[in-house]
Structure formats: structure tokens, C-alpha cells
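K.L.:
Predicted coordinates and the sequence they were generated for:
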Amino acid sequence: MKLSENKSGGDFTPHPESEGTINAVLVDITPLKEVPDKFHPGQTKEVFRLVYETEVMDEDNDRRYCIWSRPYTPSLNEKANFRKDIKKILGRDLTEMERNEFDTESLIGKNVKLIVQHEEGQNGQTYAVISFLGANKEGKLKPSGKYTRVQDRPKDGQEAPAKTEPKGKAKAASWEDVIVHMGKHKGKRLGDVDEAGVQALIDKWLPDNGTVEPLASALREVQALLTTAEDY
């Protein structure tokens, strides 16, 4: 199965080929979409993709290039392509707890290394494909903010969502109201999580997920409050 930019027809510029590995940051997990199942004619299956924004600039459009993963079925089976690529993104396999309940949103902001190559499709069009994917735990590439997640794009016949004020200009939400999106406290307000649970998130989750907002900022705020309290 090809790893393409998920575009067909029309004029577009595929991600340039890379001579070696390039830095990228994961910026989207697309919503599930029904597509024909080529192995079972007449049937469909649900798939989704990961989207990476790379460090390579698209000068004509004043933004960084993005590249889409292969389509994945929503399975954590050890033979599933998604499970195999999670290992590459994290640089490790899932823990037992993560296999029982894994929040794909926790992958947003993860830095990776990619090698991009070009392939020609059946229609003669050139596609960019990911030929190598690996973890980059030392990476510090952050999303540029110019990519809009698929779930946030207007649907046919709908208007685009109203733009919000840039961060820093709007009144910031209290750290207590931020919702925890992973682990055993998933779905709770951070303010409703006991101190031990908050400390566990700071110690175990924050170091590897420091770009995943708004939880990362809320945890840093709590960490500063706890540090201040210890000083007295």
C-alpha cells in the first residue's frame, strides 16, 4: 500500500525528495473515513492517516511541506501497520496499559525522522511517499500553525469555523479546567485529579509530550506552583 500525500488529480507540488533523513513533527490524526476494501469487493473499511509537517520550506506558498502517511485501520494488533509505525514514532513498543487504552492524540507533536521519495501513480502523477520513519526524541521541531487539522476544516456547505484570538491575546483558561486526554484520568478536569496523579503526569507524560497543548502548558503551570510551594 502506497504512502502518499492523499491527493489525486489537479495540480499540486509533492513534497521534494530528501537526500537523507529530514526532521518532521506529527500535526494531525485524521478522522476515520470509509473507503472501498480492495481485498473484499463490495465492502468498505474505516481508515485514517497521520500527517507530518517537515522542516522543508515550500517557498512558493510561504509554509512548510506536509506529507501524509499510508492509510491505517484503527487496530493496535501487533501485526497492524499502525502498531508497527507507532513503534517507529515512539522508538519503543506500547506498554500493556497503552495497549489496553491508547489515545492517538498523544502522538500529536511527536518529532520524527523521515526519508521522502517520489513514485509515479497509475495516472502518471508524481506522489511523495515516506520510505523511512523513525523516532527523533531529541527533536525540537514545533508545528508552524499553518496546517489546519482535517477535523477543523469546514465541510461541504458549511462555513469555516470562526477564528479565535491568537494565544496570549485571549483570556487563558485556568489550568484546573483543562481536560486530561489520556491515561486513567482521561476525561477529568486537571483540577479534579489528585496530587499524586498530577505529579505522575508531570514526571512521566510531560517530558515526551511537552508540545501537546493545552495539557502541557497546564502541567507546567501546576509544576511551577508545586515548586513554589516546596520553597516555603
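P.N.:
That came in fine, so what should we check first?

K.L.:
and the gap between Asn61 and Pro154?
P.N.:
Asn61 sits 20 Å away from Pro154, taking C-beta to C-beta, to the nearest Å as the criterion. Yep, even glycine has a C-beta here, placed from its N, CA and C like the rest.

K.L.:
what about the helices in this protein?
P.N.:
81-90, 96-100, 195-200, 215-230 (DSSP state H).

K.L.:
Check which helices and strands the third one sits against.
P.N.:
Just to be clear, that refers to helix 195-200. helix 215-230 (3 or more C-beta pairs under 8 Å, 6 or more residues apart in numbering; DSSP states H and E).

K.L.:
if we can go back for a sec, and the helices of the chain, which is most packed in?
P.N.:
Ranked by mean neighbour count, the helices of the chain are led by helix 81-90 with a mean of 17 (mean count of other C-beta atoms under 10 Å).

K.L.:
what does it contact?
P.N.:
1, 26, 50, 69-70, 72-77, 93-94, 102, 107, 110, 112, 133-135 (C-beta atoms under 8 Å, 6 or more residues apart in numbering).

K.L.:
Please save the CA atoms from that helix in PDB.
P.N.:
Below are the C-alpha coordinates for helix 81-90, written out as PDB (Å, rounded to 0.1, in the frame of the first residue of the first chain):
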ATOM      1  CA  ASN A  81       0.600  -1.300  10.200                       C
ATOM      2  CA  PHE A  82      -0.500   1.400  12.700                       C
ATOM      3  CA  ARG A  83       1.100  -0.500  15.600                       C
ATOM      4  CA  LYS A  84       4.300  -1.000  13.600                       C
ATOM      5  CA  ASP A  85       4.500   2.700  12.900                       C
ATOM      6  CA  ILE A  86       3.700   3.700  16.500                       C
ATOM      7  CA  LYS A  87       6.900   1.700  17.400                       C
ATOM      8  CA  LYS A  88       8.800   3.800  14.900                       C
ATOM      9  CA  ILE A  89       7.400   7.100  16.100                       C
ATOM     10  CA  LEU A  90       7.900   6.400  19.800                       C
END
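
K.L.:
Domain-wise, how is this protein divided?
P.N.:
As assigned by automatic domain parsing, the chain contains the domains 22-143, 175-230.

K.L.:
tell me the mean pLDDT over the shortest one?
P.N.:
Per-residue pLDDT over domain 175-230 has a mean of 77.

K.L.:
what separates it from the chain centre, distance-wise?
P.N.:
Its chain's average C-alpha position is 19 Å from that of domain 175-230, according to C-alpha atoms, centre = their mean, to the nearest Å.

K.L.:
Fine, thanks again, bye for now.
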